[in-house]
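Participant: 3D, please:
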Amino acid sequence: AIVYTSGSTGKPKGVVHTFRSIASATRGVAEVLRVTADDRMLSYLPLAHIFERAAVELLSIRVGMRLFFVESQATLLADLQRARPTIFHSVPRLWLKFQQGVFAQVPPERLRALLRVPMLSHVIRRKILRGLGLDRARLALSGSAPIPPSLIQWYRDLGLELLEGYAMSENFAYSHLSLPGRSRVGYVGHPLPGVEVKLSPESEILVRSPGDMAGYFKDSELTRQSYTEDGFLRTGDRGELDEEGRLRITGRIKELFKTSKGKYVAPTPIENALNAEALVELSCVSGSGQPQPFALVLLAEELRRGLAEGTCERAPLDARLTRLLATVNEGLEPHERLAFLVVVADAWQIDDGLLTPTLKLRRYAIEARYAAAVAGWYAAGQAVIWEAEARS
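Facilitator: Numbers count the residues shown, from 1 in each chain. Presented below is the predicted three-dimensional model:
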């Protein structure tokens, strides 16, 4: 079988898998998650995506569980309520959108207050999970991109133990997974059975898995470069291991960029800090060759709608974004501190090539879209810049 990568860091690559790698990965996931014919899953990602193939399509064939399909991305929430899956996997952006949908009904401060009332908390938690279609979920998983630890904790406060996982198309989605009772917020878990992991001197995560590919389609040189001499896959991700062997992703080696001061910046941790704020849906940190990095910010959907309809004022948002910038910068090294935030005018979409099918950033495409405006933003000297205003 050939599975294509998402293309988040460049041109998609054809990953060749054998029956052995596919069967090994599928069997391992079924055993670790104890999946049975009584389980239910909802299929909503593109069917060619590695997770859909490995953990949805083939897993359902192996154990005979019930599989539901979404009518469209727009009906996802309704389809979740219809399927009420026992196992649900999503990407960080959707977990965030679910949270923002709850906040649109009940402001965060009021929700926190209600959850502190003993006689109400259980009812409210159950009602929220039922509204999301997740009240029957025994396993809730997040992968494909980093998720803010605060978002994981929010779901756990609702009684849903959201667990992170980590894998690649190259190992047929069989690498690391957090398990109930053994998880640590911010870590993607332990190696799955049969998986070996180590870190290079540069902190690159090196993995050897039963699900490893046979190679890249018609590219033997890239295949050779992707493995160490002792047979470990070079993931391109940076990480660290805790004392119990749990893995934490700290960024991508290829995503590191150098400022004009000669200092390297890892964008992912900064983006996680920005995305943890409810008013931010997505962010992209950039600034290669500049004195300091900056961040492009896509506001939450309800705020974008409110601004367009005139029901939301910009001044309070300016103030909140300015405070967010200051708060995030307080936790960064001097060379990492953001010079400014740019509120982008248009949403980033899969169809315009700015997001992958699993809603990860296509950085090179995003940076190319705004490249012509960067010099003017630095010259403006403002903490918060509204793209629509700056380009008019």
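Participant: Contacts for stretch 244-261 next, please.
Facilitator: Identification of contacts with stretch 244-261 by Cβ atoms under 8 Å, 6 or more residues apart in numbering yields 9, 146, 166, 176, 178, 184, 186-191, 197, 202-205, 236-242, 264-269, 286-293, 335, 363. Where you see a C-beta, it was placed from the backbone N, CA and C, and this is true even at glycine.
Participant: Buried ones in that stretch, by neighbour count?
Facilitator: Residues of stretch 244-261 classed as buried by neighbour count (16 or more other Cβ atoms under 10 Å): Arg246, Leu247, Arg248, Ile249, Gly251, Arg252, Ile253, Glu255, Phe257, Thr259.
Participant: could you dump those to TSV with secondary structure, pLDDT and distance to Ser220?
Facilitator: Formatted as TSV, the buried residues of stretch 244-261 follow (DSSP: H, G, I helix; E, B strand; the rest coil; pLDDT from 0 to 100; distance: Cβ to Cβ, whole Å):
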residue	secondary structure	pLDDT	distance to Ser220
Arg246	coil	96	35
Leu247	strand	96	29
Arg248	strand	93	33
Ile249	strand	90	29
Gly251	strand	81	29
Arg252	strand	83	24
Ile253	helix	83	22
Glu255	helix	83	26
Phe257	strand	88	30
Thr259	coil	91	37
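Participant: now, among those residues, which is nearest to Phe340?
Facilitator: Thr259 (14.3 Å; Cβ to Cβ).
Participant: That closest one and Glu161, how far apart?
Facilitator: Using Cβ to Cβ, to the nearest Å, we find Thr259 at a distance of 39 Å from Glu161.
Participant: Check Val343 too.
Facilitator: 34 Å.
Participant: dump the residue contacts of Leu158.
Facilitator: Here Leu158 is in contact with Arg125, Ile128, Leu129 (criterion: Cβ under 8 Å, 6+ apart).
Participant: Can you classify the first one as helix, strand or coil?
Facilitator: The reference is to Arg125. helix (DSSP: H, G, I helix; E, B strand; the rest coil).
Participant: Quick check: phi and psi at Asp237.
Facilitator: phi -100, psi 150 (degrees, to the nearest 10).
Participant: Kindly provide the distance from it to Val91.
Facilitator: As judged by Cβ to Cβ, Asp237 and Val91 stand 16 Å apart.
Participant: Now do the helix or strand harbouring Glu164: everything it contacts.
Facilitator: Counting by DSSP states H and E, the element that carries Glu164 is strand 162-166. Contacts with strand 162-166, where a contact means Cβ under 8 Å, 6+ apart, come from 89, 95, 139-143, 147, 151-152, 155-156, 175-180, 183, 187-189, 247, 249.
Participant: returning to what we had before: looking at Val343 and Glu161, which is more packed in?
Facilitator: Legend: neighbour count by other Cβ atoms under 10 Å for Val343 and Glu161, higher for Val343 (25 against 17).
Participant: Enumerate every residue touching the residue nearest to that one when sequence neighbours are not counted.
Facilitator: Nearest non-adjacent residue to Val343, counting by Cβ to Cβ, 6 or more residues apart in numbering: Trp386, 4.9 Å away. Contacts here follow Cβ under 8 Å, 6+ apart; on that basis Trp386 touches Arg314, Val342, Val343, Ala345.
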